[in-house]
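Fold the following.
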Amino acid sequence: DARYLRRLQIADFRARQILAELSGLQVINTNRQHTEKLIFKGERDVSNDLVYTDLHTLFPGYQFDRFSPAKDKSTYKGESVGEGGLVRATPGMYENVALLDVASMHPTSIIELNLFGKYTENFKELMDVRLLIKQAKGLHKHGHTEQAQEKLKEAGQMFEGRLTPYVQDIEEAAMLSDALKIVINSVYGLTAASFPNLFRDPANVDNIVAKRGAFFMMDLKEYIKGEGYEVVHIKTDSVKITNITPEIIEKVQFFGEQYGYTFEHECTYEKFCLVNDAVYVAKVGWAEKESRIGKWEATGAQFQHPVVFKSLFSQEEIVASDYVETKQVAKGAMYLCNEESGHKQFVGRFGAFVPVLSGRILLRIDGDREVSVTGTKDFRWELDYVVLNDSDFVVDMEYFQTLIDEGIRAIEKYGSYAEFTSA
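Take a look at the predicted model:
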């Protein structure tokens, strides 16, 4: 609601204030400017300090041809790996699937590669502060106040003691953590940016930060297979393993430590159906957050659609706002067209609509070209606020039944939907 949004805005602004106080710049300065100032201490030319590592020396079998097509530029052990994070998927229906995440994979890779030379320690210190605050929050949550204060005190001593004012209590420390998150999350993108900046090394044409993580994941997949287990999904910094046991979790965590990575066991899915590289639905059997246990979760737009998710999995009550569909076009603009009069109402490039029985055609018009907006053909539409405030409109349930049926068909490529969702 509006009050929740307001709290988020206040928290975000306070985080930016802290960032400005630490960097010595203004709140309105860009994330990049704050980040460069904090890590490089105001130096304007650090090109001689940046460190490029030929990953072939760390991962024998790596080959890079910058002049090949994008999908073929990089191979590792004879397999194409792409230029970013590794994605591997074996679609299917599985049970007892553990989700293990690498904590801060790209930042860890930056540290392990010593990417910024003598300035890498500054970046690591920011990471260490966030970790200490995270530990303090966990201790505080479980009533260990004194231990939590010790963690905050340790964090306050970093960055030459400049953080002390921001770690006097858990709430302010959380704001500091949010401020540092802005910095940490922006650094990887800057190392691989197409535009010049202090973090970008011209020698780094093969994006070694992402590649280190990708090659590690390939080595990990090979290791897990050798231990007699099956990896069903890898998505950049996470791995999902079926028929999990405590022993393989421990081995995976130890394997990660050899590369400097820390694996966190986020949850174990009792039931898991992977539809493609990015879409899956699952029922949580175990999670650190007990509130997740026994609940269904979906990743990817197809199953996250509220009507589909509630109808097929959670069985929650469907509310009026669940029928709202957001649409966006990259070229031209959207119009609602009355079939009888031909009148067209301008909407713009972005809009929210509801399929109704007595609505209008939703078109994308770009010059002389008129076509139905993707996903709207054969149905009639009205603006969401008009429908939600006028009881005379009747929602076209056929549209949503189509989505539900498509969801069931996607599941049943790999097994019975009824058996998958049974208790």
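
Spit out the contact partners of the nearest residue to Asp366 once chain neighbours are set aside.
Take Asp366 and drop its neighbours on the chain: the residue closest to it by CB to CB, 6 or more residues apart in numbering is Gly332, 2.9 Å away. Every C-beta, even on glycine, is put in place using the N, C-alpha and C of the backbone. Neighbour list for Gly332: Arg349, Arg364, Ile365, Asp366, Gly367, Arg369 [criterion: CB atoms under 8 Å, 6 or more residues apart in numbering].

any idea how far Asn31 is from Gly332?
32 Å (CB to CB, to the nearest Å).

same deal with Ile365?
According to CB to CB, Ile365 and Asn31 sit 37 Å apart.

what sits against Val386?
Taking CB under 8 Å, 6+ apart, we find Val386 in contact with Phe393.

Next, give phi and psi for it.
Main-chain torsions, Val386, degrees, to the nearest 10: phi -70, psi -50.

what ranges do the helices span in this structure?
2-23, 31-40, 105-112, 120-141, 145-156, 170-191, 208-226, 246-257, 301-304, 306-309, 384-388, 397-412, 417-421 (DSSP state H).

got the contact list for the third one?
Read that as helix 105-112. Helix 105-112 is contacted from outside by 102, 116, 120, 123-124, 127, 184, 187-188, 191, 208-210, 212-213, 236-237, 259-262, using CB under 8 Å, 6+ apart.

Now which of those residues would you call buried?
102, 116, 120, 123-124, 127, 184, 187-188, 191, 208-210, 212-213, 236-237, 259, 261 (16 or more other CB atoms under 10 Å).

For stretch 229-240, what is the spacing between the initial and final residues?
Distance across stretch 229-240, first residue to last, is 11 Å (CA to CA, to the nearest Å).

can you pull the buried residues of that stretch?
Buried, per 16+ other CB under 10 Å, within stretch 229-240: Tyr229, Val231, Val232, His233, Ile234, Lys235, Thr236, Asp237, Ser238, Val239, Lys240.

Same question for stretch 6-23.
Buried residues in stretch 6-23 (16+ other CB under 10 Å): Arg14, Ala15, Arg16, Ile18, Leu19, Ala20, Leu22, Ser23.

and what of stretch 387-398?
Val387, Leu388, Phe393, Asp396.

pLDDT score for the closest residue to the last one other than its chain neighbours?
When the adjacent residues along the chain are set aside, Asp396 lies closest to Pro355, with 4.2 Å between them (CB to CB, 6+ apart). The predicted local confidence for Pro355 comes out at a pLDDT of 97.

Look up how far Leu152 lies from Pro355.
From Pro355 over to Leu152 (counting by CB to CB), the distance is 52 Å.

Looking at these two, which has the bigger crowd around it?
Leu152 (26 against 23; other CB atoms under 10 Å).

Identify the residue spatially nearest to that one, adjacent ones excluded.
Val167 (4.2 Å).

Select, from the buried residues of stretch 229-240, the two members most distant in space.
Tyr229 and Thr236 (20.1 Å; CB to CB).

Pull the residues that contact the helix or strand bottoming out on mean pLDDT in the chain.
In the chain, no helix or strand scores lower on mean pLDDT, DSSP states H and E than helix 2-23, which sits at a mean of 80. Outside helix 2-23, the residues that touch it by CB under 8 Å, 6+ apart are 26-27, 29, 33-34, 37-38, 159, 162-163, 166, 175-176, 178-179, 181-183.

now do stretch 32-49
Applying CB under 8 Å, 6+ apart, the set of residues contacting stretch 32-49 is 19-20, 22-25, 116-119, 122-123, 126, 182-183, 186-187, 190, 197-199, 201-202.

Can you measure across it, start residue to end residue?
Note: stretch 32-49 ends 19 Å apart using CA to CA.

in that stretch, what's buried?
Neighbour-count burial for stretch 32-49 [16+ other CB under 10 Å]: Arg32, His34, Thr35, Glu36, Lys37, Leu38, Ile39, Phe40, Val46, Asp49.

How about Asp178, nearest residue that isn't a chain neighbour?
That would be Ala15: by CB to CB, 6+ apart, it lies 4.0 Å from Asp178.

Narrow the contacts of helix 2-23 to just the buried residues.
For the contacts of helix 2-23, buried by 16+ other CB under 10 Å: 29, 34, 37-38, 159, 163, 166, 175-176, 178-179, 182-183.

Kindly reformat those as TSV containing pLDDT and distance to Val324.
Below are the buried ones among the contacts of helix 2-23 laid out as TSV (pLDDT from 0 to 100; distance: CB to CB, whole Å):
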residue	pLDDT	distance to Val324
Asn29	93	37
His34	93	37
Lys37	95	43
Leu38	93	41
Phe159	87	46
Leu163	91	44
Tyr166	91	40
Met175	89	33
Leu176	91	37
Asp178	88	30
Ala179	89	34
Ile182	89	31
Val183	90	36
